[in-house]
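Trainee: Next input, structure requested:
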Amino acid sequence: NKIEIVNEIKKGFISQFVLQCNVCKVEHTISTDKNDGRLNTNGAAVTGTISIGCGFSQVNEFESWDSMITAGREEARLAAENRDVDQNGITLIAVVADGAWCKRLYGTKYDAKSGAACIIGYFWVLEINTA
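Mentor: Sure thing, here's the model as predicted:
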């Protein structure tokens, strides 16, 4: 590869990636959002969240992505350490998952607009249970 990502600058839901040429070391920055004066990704996320009756806490939950990526990398490391890989060397991660949401019963049966989901890596479960 002649070009690689050397940095990421996050601004809410917008990322700017700094690319660098390995040959001439010239850097160039690209963004995941246009700066064209129209509603950007951050504004759209806030507008959409407010329009469905949610608030800051729900928008903030979107940002848990970094935590999920970190946890996924740790699970992949543990799987590789345990030699749980396919024929192409891709780690096979065993997980335990569950989800739930409430029903609102105020005269009429409505499904709640939010819920919870949980995915836990199998190695983490084993570590907790055998500790």
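
Trainee: Tell me the gap between stretch 46-65 and the middle of its chain.
Mentor: Computed by C-alpha atoms, centre = their mean, to the nearest Å, the chain-centroid distance of stretch 46-65 equals 14 Å.

Trainee: now swap in stretch 69-77 and tell me
Mentor: 12 Å.

Trainee: tell me which residues in it are buried?
Mentor: If you call a residue buried by 16 or more other C-beta atoms under 10 Å, then stretch 69-77 has these buried ones: 75-76. No exception for glycine: its C-beta is placed from N, CA and C like everyone else's.

Trainee: just stretch 30-50 next, same as before
Mentor: 33, 40-41, 45-46, 49.

Trainee: And stretch 90-101, by the same measure?
Mentor: Using 16+ other C-beta under 10 Å as the test for burial, stretch 90-101 gives 91, 93.

Trainee: what do you get for stretch 12-31?
Mentor: Buried residues in stretch 12-31, defined by neighbour count with 16+ other C-beta under 10 Å: 13-14, 20.

Trainee: any idea how far the residue most central in space within the chain is from residue 88?
Mentor: Of all residues in the chain, the one closest to the mean position by C-alpha atoms, centre = their mean is residue 65, 2.6 Å from it. Look at residue 65 and residue 88: by C-beta to C-beta, to the nearest Å, they are 26 Å apart.

Trainee: send the alpha carbons of the biggest helix by length in the chain over as CSV?
Mentor: Longest helix in the chain, counting residues (DSSP state H): helix 65-81. Extracted C-alpha coordinates of helix 65-81, given in CSV (Å, rounded to 0.1, in the frame of the first residue of the first chain):
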residue,chain,number,x,y,z
TRP,A,65,-19.3,2.5,19.3
ASP,A,66,-15.7,3.1,20.4
SER,A,67,-16.3,0.9,23.5
MET,A,68,-17.7,-1.9,21.3
ILE,A,69,-14.7,-1.7,18.9
THR,A,70,-12.3,-1.9,21.8
ALA,A,71,-14.2,-4.9,23.3
GLY,A,72,-14.3,-6.6,19.8
ARG,A,73,-10.6,-6.2,19.4
GLU,A,74,-10.0,-7.8,22.8
GLU,A,75,-12.3,-10.7,21.9
ALA,A,76,-10.5,-11.2,18.6
ARG,A,77,-7.2,-11.2,20.5
LEU,A,78,-8.4,-13.8,22.9
ALA,A,79,-9.8,-15.9,20.1
ALA,A,80,-6.5,-15.7,18.2
GLU,A,81,-4.6,-16.6,21.3
